[in-house]
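> Structure here, sequence nowhere to be found:
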């Protein structure tokens, strides 16, 4: 009896979930607020949602069409990610942002087939740079290979232009995410003459004793980290335990937020990480955010994450999505855009410094433009350093450009191999 | 009333020893098969096929395989996830190495490759038993995952270490890759499941199955009455691994499309399948189906109910889902330690007498 009632409820669910409201813009969020990576997933999801709420509350949506948000919990698990994708793909999702390289790899072929744009900001498949093959996948403003190259360029700068004879360890999360920078660092090692040592940490990354023993034995000049979730504070703690000089320890942008360094306390002082955007609440937009979202209690989650690094990243991702939607409305002259129109908006997106200032985020992110041949923006990033006494991240460099020529060359190889594997003819869509 | 056994006479040994000796069960089974093969493909939508039915079919195959090993032969194994990974990586290497080979044969061959690996890791079972064997298979779990994440040959030297399934057709319709239709994916998984379940049922009630059960119940006694423990245990590992390997190959090629050993086939997968077998019922074919339904379909339906119908926050729903499934597991194990299959047996006994119990 109970089962049949339950079944009836599910049938009702499936019927109710079927038709979508045509007069809204659907921005789904594949978030992870549970599981071993929730510490990173929660602030990103909150920032993403809060910005979209702000646009709804302040501007009444995009071009007069209200935004409809939906959230699906993936727990950073690819199987659940696929389930989430299946549940939203029929509901006109304008852009997917899975915040997981593993899920991205799974969804790339499916989104190409279904014609749904996907934006993987600072993660995902780097060779999606080549928009002739990956028509529906975007990774502006920066990707992993950019990040690796920016770190090497920064180190070159520090060492007077030469890394000859230096030893660099890459400590990586042993997953598709962590392995992504290896080809770039290997290629750059050939060019700049440093010795690269790759050490993997199995997910989730709480066990790093043997890895740091090895690092201690090898005595590298620098340690570069591609970590996520609990792996980050553990690595910083281990580095502090073996008294590794923190200023020689550099993380990617996914290893540089408050929750990565705060648990280590004073030991984390001087740790560096990449920054692909600004952080903190010193931007004009937060006045509106306070007024329309936070004071009215419409914020996502607990509201404690406002202004943190990953919250800012979620907000940045939402901002770029909204700007792309505006661009799409402008190109097609229609307010209620479809996923295909959204793709055109993303493919022709142009972010200028004036636009950023107008949006209340001056100097927050780089100015860049997207084109079919380059879905990756500029690739520039800054270096930030943790001050454990003031408990804040300080930007210590200006925007550093990556070695885009090499990256483009590698992206071409990889994307053309993908195209050949899948019998695709590279071509621009518009 | 439901079970009318009056007049249901068996006049031959064959009729007496068939799988469903009761007429009502037998017709129910025929109806279910007809429904699964003829009606489901017409009514199933993409979401149901992709997120609920296909994973259920695939995990049922894995649970059937582990049930043969644990439920019928009594050999504890915690290496299911790794053996599924062997199936997945074998199918990947076969698909990319021999592009002309039909996907059905690729999956079957992947099962046989897994059988070879399973036998290798099953050999210690001749010397060690119970929990010690569980630890030995746990070693297989960690070793094989290490092998697949660190040895670049297994993932064709791809820079990220992920394997992805190219498109393959059966009778002209794509069953793997993004172009595969939901119905095609459903049908290939269903065909594999039905034939493997039929195989499992007939193996377990034949000579081999009786040998396994003899070993499970008391290995010394079994040896005295003439059961060769080497053959019994090794065949159990081999047959179980074929099933698990095919499940892994289907999970990777048909369902996931891209996978990574550490993430998709970790230790949690071993436990998931083990729980299916325990909750469903050790030593029961129906138990494998029930266990997989409980642990695969249950959470998704719960999510649909909490998030889509009631509109609760996703994180709350995800936490509640873990708690509810966990609580149900404990409740089941307390109320019916022999699993859902035993529960069903009790219900059936009652139904046969209903409404006039004595």
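Thanks, I have the structure now. Please read all numbers here as calculations on a predicted model, not as lab measurements.
> how many neighbours does residue A:98 have?
Neighbour count for residue A:98, taken as other CB atoms under 10 Å in any protein chain shown: 28. Bear in mind the C-beta positions are built from the backbone N, C-alpha and C, glycine included.
> secondary structure element for residue 178?
Let's take chain A. Using DSSP states H and E, residue A:178 falls within helix A:176-179.
> Heading C-terminal from that helix, find the next helix or strand.
Following helix A:176-179 in sequence order, the next helix or strand is helix A:182-192 (DSSP H and E).
> Give me the buried stretch members for that following helix, please.
A:182, A:183, A:184, A:185, A:187, A:188, A:189, A:192 (16 or more other CB atoms under 10 Å in any protein chain shown).
> mind putting the residues you listed in a markdown table, pLDDT and distance to residue A:314 included?
As requested, the buried residues of helix A:182-192 are exported to a markdown table (pLDDT from 0 to 100; distance: CB to CB, whole Å):
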| residue | pLDDT | distance to residue A:314 |
| --- | --- | --- |
| A:182 | 92 | 27 |
| A:183 | 90 | 28 |
| A:184 | 92 | 26 |
| A:185 | 94 | 28 |
| A:187 | 93 | 32 |
| A:188 | 94 | 30 |
| A:189 | 94 | 34 |
| A:192 | 94 | 34 |
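> so which of these also contact chain B?
The overlap between these and the neighbours of chain B (CB under 8 Å from any CB of the partner chain) comes to A:182, A:183.
> Nearest to chain B, out of the buried residues of helix A:182-192: which one, please.
Here the nearest of the buried residues of helix A:182-192 to chain B, counting by CB to the nearest CB, is residue A:183; it sits at 4.7 Å.
> show me the contacts for the closest one.
By CB atoms under 8 Å, 6 or more residues apart in numbering or on different chains, residue A:183 lies in contact with A:145, A:410, B:159.
> before we move on, what about residue B:124?
Residue B:124 makes contact with B:133, B:136, according to CB under 8 Å, 6+ apart.
> One more pass at 6 Å, please.
Residues near residue B:124 by CB atoms under 6 Å, 6 or more residues apart in numbering or on different chains: residue B:136.
> now do residue A:348
Taking CB under 6 Å, 6+ apart as the definition of contact, the neighbours of residue A:348 are residue A:327.
> how far away is it from residue A:370?
When CB to CB, to the nearest Å is applied, the distance between residue A:348 and residue A:370 equals 7 Å.
> same question, residue A:31
25 Å.
> Could you do residue A:312 as well?
Applying CB to CB, one obtains 21 Å for the distance of residue A:312 from residue A:370.
> who has more neighbours, these two?
A direct count of neighbours by other CB under 10 Å for residue A:312 and residue A:370 places residue A:312 higher, at 27 against 24.
> May I have the secondary structure class of the residue of chain B found nearest chain A?
Evaluated by CB to the nearest CB, chain B has residue B:315 as its residue closest to chain A, separated by 3.3 Å. Recorded secondary structure, residue B:315: helix (DSSP: H, G, I helix; E, B strand; the rest coil).
> Neighbours of it, how many?
Counted by other CB under 10 Å, the residues lying close to residue B:315 total 21.
> Could you pull up the contacting residues of it?
If a contact means CB under 6 Å, 6+ apart, then residue B:315 has A:33, A:34 as its contacts.
> On the C-terminal side of the strand or helix carrying residue A:341, identify the next helix or strand.
Using DSSP H and E, residue A:341 falls within helix A:339-347. Scanning forward in sequence from helix A:339-347 by DSSP H and E, the next helix or strand is strand A:350-351.
> Name the residues that touch the helix or strand following that next one?
The helix or strand immediately downstream of strand A:350-351 is helix A:353-358, counting by DSSP H and E. With CB under 6 Å, 6+ apart as the contact definition, helix A:353-358 has outside contacts at A:362, A:364, A:367.
> mind running it again at 10 Å?
Surrounding helix A:353-358, the residues in contact under the criterion CB atoms under 10 Å, 6 or more residues apart in numbering or on different chains are A:277-278, A:283-285, A:319, A:323, A:352, A:361-367.
> Could you do stretch B:316-325 as well?
Stretch B:316-325 is touched from outside by A:32-35, A:38, A:71, A:73-75, A:80, B:275, B:279, B:294-295, B:298-308, B:310-313, with contacts defined as CB under 10 Å, 6+ apart.
> Quick check: residue A:301 vs residue B:316, distance?
Relative to residue B:316, residue A:301 is positioned 11 Å away (CB to CB).
> which residues do these two both contact?
Listed contacts common to residue A:301 and residue B:316 are residue A:33; contacts here mean CB under 10 Å, 6+ apart.
> So for those two, which residue has more residues nearby?
Residue environment comparison for residue A:301 versus residue B:316 gives the larger neighbour count to residue A:301, 19 against 14, counting by other CB under 10 Å.
> now the strands for chain B?
Applying DSSP state E to chain B gives strands spanning B:163-164, B:169-170, B:173-174, B:258-259.
> Mean neighbour count, distance to residue B:63 and mean pLDDT for these - can I get that in CSV?
What follows is the strands of chain B, written out as CSV (neighbours: other CB atoms under 10 Å in any protein chain shown; distance: least, CB to CB, whole Å; pLDDT from 0 to 100):
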stretch, mean neighbour count, distance to residue B:63, mean pLDDT
strand B:163-164, 26, 24, 89
strand B:169-170, 16, 24, 90
strand B:173-174, 15, 27, 88
strand B:258-259, 28, 19, 90
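> Which of the ones you listed sits closest to residue A:91?
Taking CB to CB as the criterion, residue A:91 comes closest to strand B:258-259 out of the strands of chain B, the separation being 23.2 Å.
> wait, does the closest one make contact with chain A?
Yes - on the criterion CB under 10 Å from any CB of the partner chain, strand B:258-259 is in touch with chain A at B:258, B:259.
> cool, stretch B:155-172 as well?
Yes - with CB under 10 Å from any CB as the measure, stretch B:155-172 is seen reaching chain A through B:155, B:158, B:159, B:160, B:161, B:162, B:163, B:164, B:165, B:166, B:167.
> export the buried residues of helix A:182-192 to TSV and tack on distance to residue B:289?
As requested, the buried residues of helix A:182-192 are exported to TSV (distance: CB to CB, whole Å):
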residue	distance to residue B:289
A:182	43
A:183	45
A:184	48
A:185	49
A:187	51
A:188	53
A:189	53
A:192	59
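> in stretch A:79-90, what's buried?
A:79, A:80, A:81, A:82, A:83, A:84, A:85, A:86, A:87, A:88, A:89.
> ugh, wrong one, I meant stretch B:95-113
The neighbour-count check on stretch B:95-113 (16+ other CB under 10 Å) flags B:95, B:103, B:106, B:107, B:108, B:109, B:110, B:111, B:113 as buried.
> Just flag the most distant two among those.
Comparing every pair within the buried residues of stretch B:95-113 by CB to CB identifies B:103 and B:113 as the most remote, at 15.1 Å.
> What are the buried residues along the helix holding residue A:341?
Neighbour-count burial for helix A:339-347 [16+ other CB under 10 Å]: A:339, A:341, A:342, A:343, A:344, A:345, A:346, A:347.
> Now distance to residue B:237 and pLDDT too, for those, in a markdown table please.
Compiled in a markdown table, the buried residues of helix A:339-347 are given as follows (distance: CB to CB, whole Å; pLDDT from 0 to 100):
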| residue | distance to residue B:237 | pLDDT |
| --- | --- | --- |
| A:339 | 49 | 94 |
| A:341 | 56 | 94 |
| A:342 | 52 | 94 |
| A:343 | 51 | 94 |
| A:344 | 56 | 93 |
| A:345 | 56 | 94 |
| A:346 | 52 | 94 |
| A:347 | 54 | 93 |
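> just curious, which of those is nearest to chain B?
For the buried residues of helix A:339-347, the minimum distance to chain B (CB to the nearest CB) is 15.7 Å, reached by residue A:339.
> where's that closest one relative to residue A:345, distance?
Taking CB to CB as the criterion, residue A:339 is separated from residue A:345 by 10 Å.
> low pLDDT regions in the stretch 1-150 of chain B?
Confidence mapping of the stretch 1-150 of chain B against pLDDT under 70 gives the ranges B:1.
> Around chain A, pick out the residues from it.
Near chain A, the residues belonging to the stretch 1-150 of chain B are B:45-52, B:55, B:96, B:142, B:145-146, B:149-150 when assessed by CB under 10 Å from any CB.
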